[in-house]
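Q: below is the sequence, then the predicted model.
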Amino acid sequence: SRSAVTLMSAALTRASPCIVARRSPRPSRHSSRARHSSSATVAMASSSSPSPETTVVSAQWLKANIGRPDVVVLDCSWYLPAMERDPRVEHEAKRVPGARFFDVDRVSDPSSPLPHMLPDAGAFAAACDAVGVANGDQVVVYDGAGLFSAARGWWMFKVFGHDAVALLDGGMRAWEKLDGAPVETTPPAVPIAAAADACAGWYANDASSNAMSSSSSSSYRATLRPELVLGKDDVLARCVGADAAETLVDARPKPRWAGEAPEPRAGIRSGRVPGSACVPFFDVLDAEDRTFKSAEEIRDIFAAAGADVRYHGTKKKVVASCGTGVTACVLSLGAAIARGDGTPLPVYDGSWTEWGAEGSGCPVDGK
């Protein structure tokens, strides 16, 4: 029988051409502030008033800072069916010490027919309360694939005004490869369903009395940043046509974007948003350890697709999209690294599942 690593690699390859392999750890090449591989950075991060981390942190940084009372680690694992993995079972079995499970699939809007759509601010706040996240905390998100769904968690916190959020570059795999990094295998202190149940409970009990931008029933204060979220009408108005002011960049594999490969979901057309560009999310990642490439490399990858993430001169602004709004967040975070200031790309939340749906009325290019 094939090993677990081989099975995971095959599943990820079916979902996208990104191949997962293992190699010895290497220092991180970037961060929101400086290169975390240096001892000076670790010393600064451990000081009494550290600067917030807003893009990615290395496993070395997390090991040095995990004891800080303001550092909260969230496991944001979610997998495609083809990956044949259960994130809840994996979290139950092992995790970064003290990590709480933040279900990016179920901390979502249950009224939407689309998968894992952004919840109301009040529901997000309730989920944060349930896992013990406070507004002043330094949040660190990770997933078990190395770098896949955790970027969605990063983007969600950014959308609701929490700037001090960073992704563990390389995820749980990077943590386990780090010498001396402990792994917690005892039962989780916070129930795995806590965040998802709190979100669902908010919709059941509080939705009628809470506005979209309010979290009045929670200790955590969440305020929507609407400029970071696009809907279908926004994309039609701003990204399609000869006078489009923004460029939509699609994170799906190029065969799907080009309309040469079928969509994995029933009832979804093949093709792309007219005028869109394609930057497959795995292009901005190291193919072996699934950490982000350097800021310069990421800028060049976007530029080669016709998108300038720094908005220089008269270049169009950039919007990220994908299949269901998950890997678009990898591009959003990659652009934040490339920009050097932690600013995310806006994300089309419904992405291709909404746009490409039969009967959506949206124009489609492709074969």
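A: Ah, there it is.

Q: all contacts plus neighbour counts: C-alpha atoms, from now on.
A: Will do.

Q: how close does A237 get to A82?
A: A237 sits 35 Å away from A82, going by Cα to Cα, to the nearest Å.

Q: same deal with D197?
A: 26 Å.

Q: neighbour count for these two, which is higher?
A: D197 (18 against 14; other Cα atoms under 10 Å).

Q: doesn't that one fall inside a helix?
A: Yes: counting by DSSP: H, G, I helix; E, B strand; the rest coil, D197 is located in a helix.

Q: per-residue confidence at it?
A: Here, the pLDDT recorded for D197 equals 98.

Q: what distance do you get for it to L80?
A: According to Cα to Cα, D197 stands 21 Å off from L80.

Q: ok, now V249?
A: V249 is 21 Å from L80, by Cα to Cα.

Q: compare these two (neighbour count), which wins?
A: Of the pair V249 and L80, V249 is the one with more neighbours under other Cα under 10 Å, namely 28 against 12.

Q: thought the more buried one was touching S321?
A: Yes: using Cα atoms under 8 Å, V249 is in contact with S321, at 6.1 Å.

Q: where does the residue nearest the centre of the chain land in three-state SS?
A: The structure's the chain has its C-alpha centroid closest to A151; by Cα atoms, centre = their mean the separation is 1.6 Å. State at A151, reduced to three classes by three-state DSSP: helix.

Q: so it sits right up against L333, yeah?
A: Yes: counting by Cα under 8 Å, A151 touches L333, with 6.8 Å between them.

Q: who touches R100 in this structure?
A: By Cα atoms under 8 Å, 6 or more residues apart in numbering, R100 lies in contact with V73, L74, D75, V131, P188, A189, V190, P191, I192.

Q: what about 7 Å?
A: R100 sits next to V73, L74, D75, V131, V190 when contact means Cα atoms under 7 Å, 6 or more residues apart in numbering.

Q: ok, and what's touching stretch 157-171?
A: With Cα under 7 Å, 6+ apart, stretch 157-171 has contacts from 52-59, 121, 135, 138-147, 150-151, 154, 222-225, 228, 289-292.

Q: select only the buried ones of the residues you listed in ChimeraX?
A: Restricted to buried positions by 16 or more other Cα atoms under 10 Å, the ChimeraX selection for those reads:
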select :52,53,54,55,56,57,58,59,121,135,138,139,140,141,142,143,144,145,146,147,150,151,154,222,223,224,228,289,290,291,292
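
Q: in helices, which of the contacts of R100 appear?
A: Using DSSP state H, no member of these falls in helices.

Q: of those, buried ones?
A: In these, the ones that pass as buried (16+ other Cα under 10 Å) are V73, L74, D75, V131.

Q: I'd assumed D143 was in contact with the first one.
A: To tie it back to what came earlier, the one meant is V73. No: counting by Cα atoms under 7 Å, V73 does not reach D143; the two are 10.7 Å apart.

Q: what's the distance between the nearest residue to R225 once chain neighbours are set aside and D70?
A: Nearest non-adjacent residue to R225, counting by Cα to Cα, 6 or more residues apart in numbering: V159, 5.2 Å away. Distance, V159 to D70, using Cα to Cα: 20 Å.
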